[in-house]
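Visitor: Give me the fold of what follows.
(2 chains)
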Amino acid sequence: MSKLEIEISSLLLKEHFGDIVQKVGTVLLRKRQLPLGVIGKECGLKIDQVKKGLCSLIQHNMVTFELHKRGFVEYEIRTGVPLLLLRYPRYIYASKTLYGDAAELIIEEILHHGQINMSSVVDKVTNRLNEAMKVQKEAAISKDDVVSKFKALAETQFIKRCPEMSDSNENDSAIPKMEIDTERMYKVPRLNDAQIKSERENSSSQSNERKRKIPKDRSKSPEPPDAGIYWHLNFQRFHTLFRDQELISAVANKLDKEASEVLRSMLRIDVSDPASPVSQPLSSHEIYHQFPKNIKLTKQAMDQYLTLLTEDSTGFVRRVGDMGGGTYVIDYKDALKNLAVAHIECVVRERFGSKSLRIFRLLLMKKQLEQKQIEEFALIPAKEAKEMLYKMFEEDFVTVTEVSKTADHAPSRTFYLFSVNITQVSRKLLDQSFQALCRLIQRREYETKEHRRLLDKQQKVEAISASLTGADEEQRAEIEDTITPPEREQIDKVKNMTKKLEMSELQVDETIFILQMYLLYAKTT
Amino acid sequence: MAGRGRGRGRGTLSFSTESLGFGRGEALPTCILQPPPIYPTLEFHPVPLLGGERQAYMLALKQEFRNTMRESPHFIQAEEKKKDIERYSDKYQLGPQDNTINWEPDFSRLPKELRIKVRRSARKYKTNVKPNISTAKHKGAEDAKDIEKKLEALEKLEETKGDEEEDEEDKEKKKEGEDKGEEEPEEEDFYDEEELEEETDYNLNYFDNGEEIDEEDDNLDEGAIY
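Guide: The predicted model follows:
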């Protein structure tokens, strides 16, 4: 993990979980794996504080623990996960577009709590929805609707169960043993059902014994039927969804809507492992069968669209055989590479101008070129071309290979071949995106800190005027007048600024996602 | 290379400058001796951010999520540091404490060493404290008898053991048991070790039962004999 990534993770942890978790998390990110005592020493906190921090981190699936062979417990951070905090709004939004408001709230609740059991999610979501319904004077929603949404999310593997206590738990071991098999990972427990309770008791009788001790004196409501079964988000599934959405929107932009629908149906039937670089082979008949019926498209037209997709420079789809009316695969690796290249080209255009982009594209097309050839092919005057080329070389968008005719590497007898290494440029761009992100967050933090007094005041005034429900307008106006016009102006300015900064954070993250995805697939062979 | 005095003027470079694109006789650019400006003028201005409903909604979600997390018990802030001066009463304040946790994790899923005392909610604390005072007032006589008995027993113990401090703790524990008695006997079982170390809790009980202070003082005096 790069230094920048650690810094961003640390800033994000602070924003979402407070100072202590930030310190604990940062130490773990730097050192990766540490026992409790060492963490305390490293971050200069009391042991109790470290314990609290670790509890929060474990609860949010960011830290795992295991027993060292010398008998102490070691904590390890899952390095990429704190960075995902930035993507949480996107997950929530995606679930809304897929399954509606209830699903949105379900995902939101799960993200708030890290891990949570189904019954409490369903309760909370139903309450929140009904409150909203009351305001809009609409009919209340029943629990079953929420449960069905929850089931849909689990079936499509957007949420999964956390590992559970295994039956081989010894009472005196320092850490609980947890495991889950893939079969049960997405199985929704039936609420209000005695069966699952007994199932759990069989699997973890010892843990129950211990658990029984605590709740007694707490006069808590009876244990929910699915206690011990916790759910959290399956980030990978969400990332696959985002990947598919990017591909579909790219095709829709480049070709047309029907072409994107063809690709969408292909993506829907593909059941290959999300990490594999190509999809399984899909026959034309299969695709047509899946095609949504509300869009009128003949089989012949669809075949034409498939040909179009294969011949297009995006290279998303490849024809691999003739069986079944033509067999096609989606080449994820190539597709993501092309998406990444498109992003990089945009950056080159915005940063160096369109003429430089011409040189850049030329290099992408011809792979290796000498300086003279570049000037000739790009049809740009020699001096200008040189200037632009060296500028890009200076910022590492272009690389140079020396090929010497003789062993002494004398410049006069050496070819200088310019080329573009997309993987390297993506890494560089990713790094710059992280840098930008880091500065955005820091700037926002600074702005809010600088205007904390004003913002606090405004919050207070709002709270007071909200509590004055019965009071007349005059009174309310009087309270609101405590904020002077220049102050109000200042507040608006700060709010606007933070809004812009935050929006940029979200959009930088979209670029980061594409680049990360490309680099991930570039590794697979 | 230049030091060898091989060339005059431009000849100091080991290669011909023509390959870099400088014509014969053209002056080379001079050296730059200053660092580049901190805020260079932008050659190209960035494009505006994407707008639209999706972006606006995501922004709202992001802000809402951040604010909710800030109020969540998983958000852990360090104990408020020093104010102006250290006060004696600070010890008895029920402010945010570092040694308790505000939410109740499923400890069976965590390593044993992470078990930490769960803070009872503030309201519950109050109801715990008040009845103590009132009952003490009501059945003061009974209590006094009780305590006398206990003190006697303790004295015997003291004699046998002779270890004053341990005794003190012992008594305190018993008293605690009595005070909390009906309300939460089990909890102490569970977090026994912490309870012993818990200084603030100890002080609290001591502080609340104002009537019993005298008794204790007596005891201390007696204890000081040896």
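
Visitor: Return the set of buried residues in the helix or strand where residue A:416 lies.
Guide: Here residue A:416, judged by DSSP states H and E, is contained in strand A:414-419. For strand A:414-419, a neighbour-count test (16 or more other Cβ atoms under 10 Å in any protein chain shown) marks A:414, A:417-418 as buried. C-beta: built from backbone N, CA, C; applies to glycine.

Visitor: Format the residues you listed as a markdown table; extra columns: pLDDT and distance to chain B.
Guide: Formatted as a markdown table, the buried residues of strand A:414-419 follow (pLDDT from 0 to 100; distance: Cβ to the nearest Cβ, whole Å):
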| residue | pLDDT | distance to chain B |
| --- | --- | --- |
| A:414 | 85 | 10 |
| A:417 | 92 | 15 |
| A:418 | 93 | 14 |
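
Visitor: so which of the residues you listed comes closest to residue A:308?
Guide: Nearest to residue A:308 out of the buried residues of strand A:414-419 is residue A:418 (Cβ to Cβ; 33.7 Å).

Visitor: quick one: that closest one from residue A:360, how far?
Guide: Residue A:418 is 10 Å from residue A:360, where distance means Cβ to Cβ, to the nearest Å.

Visitor: Find residues that contact each of the two.
Guide: residue A:398 (Cβ atoms under 8 Å, 6 or more residues apart in numbering or on different chains).

Visitor: dump the residue contacts of residue A:106.
Guide: Residue A:106 neighbours (Cβ under 8 Å, 6+ apart): A:95, A:121, A:125, A:146, A:149-150, A:153, A:159.

Visitor: Repeat the analysis, applying 7 Å as the threshold.
Guide: With contact set as Cβ atoms under 7 Å, 6 or more residues apart in numbering or on different chains, residue A:106 has these partners: A:121, A:125, A:149-150, A:153.

Visitor: That one sits in which helix or strand?
Guide: helix A:101-113.

Visitor: Which strands or helices does the next helix or strand after that helix pack on?
Guide: Moving toward the C-terminus from helix A:101-113, the next helix or strand (DSSP H and E) is strand A:116-117. On a contact count with 3 or more Cβ pairs under 7 Å, 6 or more residues apart in numbering or on different chains; DSSP states H and E, strand A:116-117 meets strand A:230-233.

Visitor: Can you list the strands that the strand it packs on pairs with?
Guide: strand A:116-117 (antiparallel), strand A:159-161 (antiparallel) (DSSP bridges).

Visitor: Of all those, which one comes closest to residue A:268?
Guide: The nearest among the strands paired with strand A:230-233, by Cβ to Cβ, is strand A:159-161 at 19.8 Å.

Visitor: and that closest one, what's its mean pLDDT?
Guide: For strand A:159-161, the mean per-residue pLDDT is 88.

Visitor: how distant is it from the center of its chain?
Guide: 16 Å (Cα atoms, centre = their mean, to the nearest Å).

Visitor: Return the set of buried residues in stretch A:123-132.
Guide: Those would be A:124-126, A:128-130, for stretch A:123-132 by 16+ other Cβ under 10 Å.

Visitor: And for stretch A:281-299?
Guide: Buried residues in stretch A:281-299 (16+ other Cβ under 10 Å): A:281-284, A:286-288, A:291, A:297.

Visitor: out of those residues, which touch chain B?
Guide: Contacts with chain B within the buried residues of stretch A:281-299, counted by Cβ under 7 Å from any Cβ of the partner chain: none were found.

Visitor: Now the two most distant members of those residues.
Guide: Among these, A:281 and A:297 lie farthest apart (Cβ to Cβ), at 21.6 Å.

Visitor: which regions of the chain sit below the pLDDT cut-off?
Guide: In the absence of a named chain, this looks at chain A. Applying pLDDT under 70 to chain A flags the ranges A:167-172, A:191-225, A:469-471.

Visitor: please go with chain B instead
Guide: Applying pLDDT under 70 to chain B flags residues B:1-21, B:23, B:78-86, B:89-100, B:119-145, B:160-226.
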